[in-house]
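J.: From the sequence below, what's the structure:
(chains A and B)
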Protein chains: 2
Amino acid sequence: MKAELVSVGTELLLGEITDTNAVYMSQRLAEIGVDVHFRHTVGDNLGRITSVLELALSRCDVVIICGGLGPTQDDLTREAISEVTGRPLRPDPVAEEHLREFFRRRGYTPTSNNLKQATCPEGGMLLENTCGTAPGVLVEHEGKAIIAVPGPPPEMREMLQREVLPYLLRRQGDAATILRSRVLRLCDVGESTLVAEIDDIIRGQTDPTVAPYASPGEVRLRLATKAASEEDAVRKLDEMEARLRERVPQNIYGVDEETMEVAVGNALVEREATLAVAESCTGGLVASRVTDVPGSSRYFLGGVVAYSNEMKRDVLGVSAELLKEFGAVSEQCAGAMAEGVRELHGADFALATTGIAGPGGGTPQKPVGLVYIAVADSDGTVCAQHNWPGTRDQFKQRVSQMALNMLRKRILGIPLEAG
Amino acid sequence: MKAELVSVGTELLLGEITDTNAVYMSQRLAEIGVDVHFRHTVGDNLGRITSVLELALSRCDVVIICGGLGPTQDDLTREAISEVTGRPLRPDPVAEEHLREFFRRRGYTPTSNNLKQATCPEGGMLLENTCGTAPGVLVEHEGKAIIAVPGPPPEMREMLQREVLPYLLRRQGDAATILRSRVLRLCDVGESTLVAEIDDIIRGQTDPTVAPYASPGEVRLRLATKAASEEDAVRKLDEMEARLRERVPQNIYGVDEETMEVAVGNALVEREATLAVAESCTGGLVASRVTDVPGSSRYFLGGVVAYSNEMKRDVLGVSAELLKEFGAVSEQCAGAMAEGVRELHGADFALATTGIAGPGGGTPQKPVGLVYIAVADSDGTVCAQHNWPGTRDQFKQRVSQMALNMLRKRILGIPLEAG
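T.: Just a heads-up that it's a prediction; the model follows:
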């Protein structure tokens, strides 16, 4: 099945907003095996929208239009579909009542502009919008399908998932009509290494599909499946996840929205343990990420951002001799910082970072990018050295990610060298 | 002048990357008065790229193609331009030598694939790429212009600014060929209030143009001008900036890449003053933003993330009585935290935050979103109360922005109520 996507909106052509809808739709269509051959962006202009639709219909099976379904004069998608198919717009009584009810509950009366949203090209059907006022439109015309979805991203996503993708599956003759996906988040592994490791799975699989995406500090594997039922989808995703976990047992730290800080929080809650952090080069970023998690006050006692040597000495108790002999950026200092902040708070686990974020401050012995990360607990203190040159921001992000991962492994009893 | 943009790349159609290039190009073209009527995205397929070019050339004055200029078999933009104009590709000796030199310096010999990048449709010209290997292409054909720029964003931006926009200005018959822009960053003011305040300037101006953009925690005004010379551009931007500063004297905190944390850093450096922070609800985010600035170790001594009452008491010296009487989320506690961390570090300025980030932890008296921000210096301590419900992330971002702004105003001696 060949598809073309049309994004409608003058604000897109002026560069006022980025078309994330087109990206989302492209990904979801790729997952169900629909080929997107062209994507178009067009302003709020009836003639131009119509010309794009005509062109797209002349060479593909399905056209999906996003945007231009609102109540204003500028919203012309419905009119363009009507024009290109020669099907006049008719009021849809069910949608109209739905719209009136929506306004009634908010204490408003809909205007004729609002009611325009409840019109449908003759012979087509409206798709319910559960998060907004603009219904979608679906018209089958001369063997082709024209589908319009609203522009606000939450409305588009919900309608695509609930109505459009199942429709396309049915149209493809697919028995499956449920689409579900799951994202596995991995760290301590590069995308190319991971792909080499699971190449046979990626290549061999058509359902669920498995696609790797690299993002800063981690790699994600997106699993997507078509299924006949919710149970069937979950079963297939579970099976694939289990296969992948067998291959890369130590690398998968989280699923879907489970960030590294959430994974750390879950591990701490499970162990009923508390955490304190001492940061030099990450400057508060580790603490900020830990406290991004709702409920983190259950396990996070606090942190010290020790940028100066005085602070490392006076608040964290790092000895002046140690600082003099090894310097603030050293394995010894990282360890002493972790131990110091652990004692200060009476925490079960403590994490410390010290390094050279740059761009200034590097020397031949201690270049920009050098960092020491230490974790202290009742069993002792472990320390890792890394060298990650890059921008200051990349450095801080990467160190915070790897520090949290080191902590996570320590809490869970995973050997630090592994995975 | 009517233009169409073409983005080339199968990875775009699969949703693997977001087309930020199209957004950037659309903005820059809007600034010089070029109307973009259509934007197209097409995969790495010669027939489809050619068909898009043919269509675009049939109805606009200028087509700008981005991507597909690399050395691989998949890079087909040059071939498509050649095909649609009937102009064979010829080696360009200057570009070829440039390319050979590029490889020589890196110790490589270019392959024939690499040398493909130095070919040009007959009668056209190559545009120098100062940041990469792929030159751009410019062909004037039957009264229309076809321009191809490379896909990597830094290369595209540099070439657009240096070659393409000046060319389009000349083509428009514009005497001006220099384009410069400046972004003013404002806080303590909403977009609608700001627009009402400077409506006459926004509406009355054609050069420089003034466009507002709302972003989280601030509003930006983008000034863009066309000029005959660098001096002329700077003069016009300076004049407009001065007019705007007269209207909203207290709100402009930064220019271009000057973030709030940079503005705070500049103010501290100017006063030769030092800073310490004590954070509860922002959880380290304020310290992390302060230390995002290269060289911040000059003025930032350190911070304490005091999530627990024990930490507030033991490290920051907030009295147990105060905590008992007013609670940790109170004006009194914020003030005591700021004073405590200032003393701990011997800092000139100290900033403290305490509040309820949510989603849990709110009460009728102290709801989610309540926050106290305090600044302490040698003149005493000031405290502000706000209520900003929202997601945990929005809350932390907003509090950190407003806390840094409050600090900035205190350092600069701007009354806290003003602007």
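
J.: what number of residues lie near the closest residue to A:Val189 other than its chain neighbours?
T.: On the basis of CB to CB, 6 or more residues apart in numbering or on different chains, the spatially nearest residue to A:Val189 that is not a chain neighbour turns out to be A:Asn251, at 4.8 Å. From N, CA and C alone the C-beta is placed, and that goes for glycine too. Summarising burial for A:Asn251: neighbours were counted as other CB atoms under 10 Å in any protein chain shown, giving 23.

J.: is it true that A:Asn251 touches A:Leu186?
T.: Yes. Taking contact to mean CB atoms under 8 Å, the distance of 4.3 Å between A:Asn251 and A:Leu186 places them in contact.

J.: who touches both of these two?
T.: Common neighbours of A:Asn251 and A:Leu186, counting by CB atoms under 8 Å, 6 or more residues apart in numbering or on different chains, are A:Leu194.

J.: Spatially central residue for chain A, please.
T.: In chain A, the centroid-proximal residue (CA atoms, centre = their mean) is A:Glu257; its distance is 7.3 Å.

J.: Counting neighbours, what do you get for the nearest residue to A:Glu128 once chain neighbours are set aside?
T.: Leaving aside its chain neighbours, A:Glu128 sits nearest to A:Pro135 (6.2 Å; criterion: CB to CB, 6+ apart). Look at A:Pro135: counted by other CB under 10 Å, it has 27 neighbours.

J.: Please apply the same query to A:Ala384.
T.: Here the number of neighbours of A:Ala384 (other CB under 10 Å) works out to 16.

J.: Just the element for it, please.
T.: With elements delineated by DSSP states H and E, A:Ala384 resides in strand A:380-387, which encompasses its position.

J.: elements contacting that strand?
T.: Helices and strands in packing contact with strand A:380-387 are listed as helix A:331-345, strand A:370-377, helix A:392-412; criterion 3 or more CB pairs under 8 Å, 6 or more residues apart in numbering or on different chains; DSSP states H and E.

J.: Need the ones you listed in a markdown table (columns: mean neighbour count and distance to A:Ala242).
T.: A markdown table is the format used below for the helices and strands packed on strand A:380-387 (neighbours: other CB atoms under 10 Å in any protein chain shown; distance: least, CB to CB, whole Å):
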| stretch | mean neighbour count | distance to A:Ala242 |
| --- | --- | --- |
| helix A:331-345 | 24 | 36 |
| strand A:370-377 | 25 | 30 |
| helix A:392-412 | 21 | 19 |
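
J.: For B:Thr193, find the nearest of the ones you listed.
T.: Comparing the helices and strands packed on strand A:380-387 against B:Thr193 with CB to CB, the closest turns out to be helix A:392-412 (31.7 Å).

J.: Quick one: work out the angle between the closest one and strand A:380-387.
T.: For helix A:392-412 against strand A:380-387, the angle by axes from the mean of the first three to the mean of the last three CA atoms, to 10 degrees is 150 degrees.

J.: quick one on the thing from earlier: my guess is the residue nearest to A:Glu128 contacts A:Leu115. True?
T.: No. With contacts counted by CB under 8 Å, A:Pro135 stays clear of A:Leu115, the gap being 11.8 Å.

J.: okay, and for chain A, where does confidence drop off?
T.: A:417-419 (pLDDT under 70).

J.: per-domain residue ranges of it.
T.: As recorded under automatic domain parsing, the domains making up chain A are A:2-171, A:178-255, A:260-412.

J.: what's the most buried one of the ones you listed?
T.: Most buried of these by mean neighbour count (mean count of other CB atoms under 10 Å in any protein chain shown) is domain A:260-412; its value is a mean of 21.

J.: Residue numbers of the stretch 151-300 of chain A in contact with chain B?
T.: For the stretch 151-300 of chain A, the residues in contact with chain B (CB under 8 Å from any CB of the partner chain) are A:213, A:277, A:279, A:282-288, A:290-292, A:294-297, A:300.
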